[in-house]
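Chemist: based on what follows, work out the 3D shape:
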Amino acid sequence: MLAIVDYDAGNLRSVQRACTHVGIEAEITADPAVVRSADRVIFPGVGAATSAVDTLARTGLGDALRDVFEAGRPVLGICLGSQIVLEHTEEDDRDCLGLVEGACQRFEFSDRNLKVPHIGWNEIEIKRAHPLLQHVKSGDQFYFVHSYYAVPASAANVVCTTEYGIEFCSAVGRDNLFASQFHLEKSGEIGLTVLAEFANWDGTC
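Modeler: Got it, this is the predicted structure:
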């Protein structure tokens, strides 16, 4: 069973519809016990990290996600989910799940032409091979909406980068975790391709 974690961070139905489109049966759940029992987990999200982290702590879903990760079952983070898997975020100076060493920083530009948040289609550059990206190549475009970006402590955990004023990490990978800053469910056929690969991924790289 594939569980989509409901922690009041929105965008769940569109992720579920994308899963259905590629033949994945996915259950939206806010029950930590259901998350713990899932074969694989999608951890999506939009909005503020502060309320998301508070909800994860209050409901026990944060501990459930850590248990799934530590058990070696596949975990897919999307957008806000790709930020919260790190140790810390600059947004209200908050600690996060700590599944990957590193922190999130906010875009800060002196160039007025570079708006924050970063919204729209942009290219990725693949820094290392990953099973979920076997049908994706550098230069392919995905859809982004975000003001913060991941800064993993180790370059080994950077799977993709993207240029927007700076080169930033747009996908993080560690063991059985893959987390994309870009919205797979809003990225057309290329995003659906990655979701379909996740359905068959055993969590090894």
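Chemist: name the helices or strands packed onto the one helix or strand G191 maps to?
Modeler: Using DSSP states H and E, G191 sits in helix 188-200. Contact partners of helix 188-200 among helices and strands, from 3 or more Cβ pairs under 8 Å, 6 or more residues apart in numbering; DSSP states H and E: helix 12-21, strand 40-43, strand 141-146. C-beta here means a position set from N, CA and C on the backbone, and glycine is covered the same way.
Chemist: which residues sit against it?
Modeler: 2, 18-19, 21-24, 40, 42, 74, 76, 131-136, 140-143, 178, 180, 182-185 (Cβ atoms under 8 Å, 6 or more residues apart in numbering).
Chemist: kindly state which of the helices and strands packed on helix 188-200 is positioned closest to S110.
Modeler: Of all the helices and strands packed on helix 188-200, strand 141-146 sits nearest to S110, with 19.4 Å by Cβ to Cβ.
Chemist: name the residues of the closest one that are buried.
Modeler: Neighbour-count burial for strand 141-146 flags F142, Y143, F144, V145, H146 (criterion: 16 or more other Cβ atoms under 10 Å).
Chemist: hey, what's the second one bridged with?
Modeler: This means Y143. W121, H183 (DSSP bridges).
Chemist: pLDDT score for it?
Modeler: The per-residue pLDDT reported for Y143 equals 98.
Chemist: OK, contacts around it?
Modeler: G120, W121, F182, H183, K186, S187, G188, G191.
Chemist: with the last one instead?
Modeler: H146 makes contact with C79, Q83, P117, H118, Q181, according to Cβ under 8 Å, 6+ apart.
Chemist: give me the subset of these lying in strands.
Modeler: H118 (DSSP state E).
Chemist: next, the contact list for the residue nearest to A155 when sequence neighbours are not counted, please.
Modeler: Excluding the flanking residues, the one nearest A155 by Cβ to Cβ, 6 or more residues apart in numbering is K127, at 7.8 Å. K127 sits next to A155, V158, V159, C160, T161 when contact means Cβ under 8 Å, 6+ apart.
Chemist: which of the residues you listed sit farthest apart?
Modeler: Among those, A155 and C160 lie farthest apart (Cβ to Cβ), at 12.4 Å.
Chemist: helix/strand/coil for L132?
Modeler: The three-state label given to L132 by DSSP: H, G, I helix; E, B strand; the rest coil is helix.
Chemist: can you tell me how far it is from T193?
Modeler: Noted for L132: a distance of 9 Å to T193, by Cβ to Cβ, to the nearest Å.
Chemist: and these two? Which one has more around it.
Modeler: Neighbours were counted for L132 and for T193 using other Cβ atoms under 10 Å; L132 has more, 23 against 19.
Chemist: do you know how far the closest residue in space to that one that isn't next to it in sequence is from Q134?
Modeler: Nearest residue to L132, sequence neighbours excluded (Cβ to Cβ, 6+ apart): E197, at 4.6 Å. In this view, E197 and Q134 are 7 Å apart by Cβ to Cβ.
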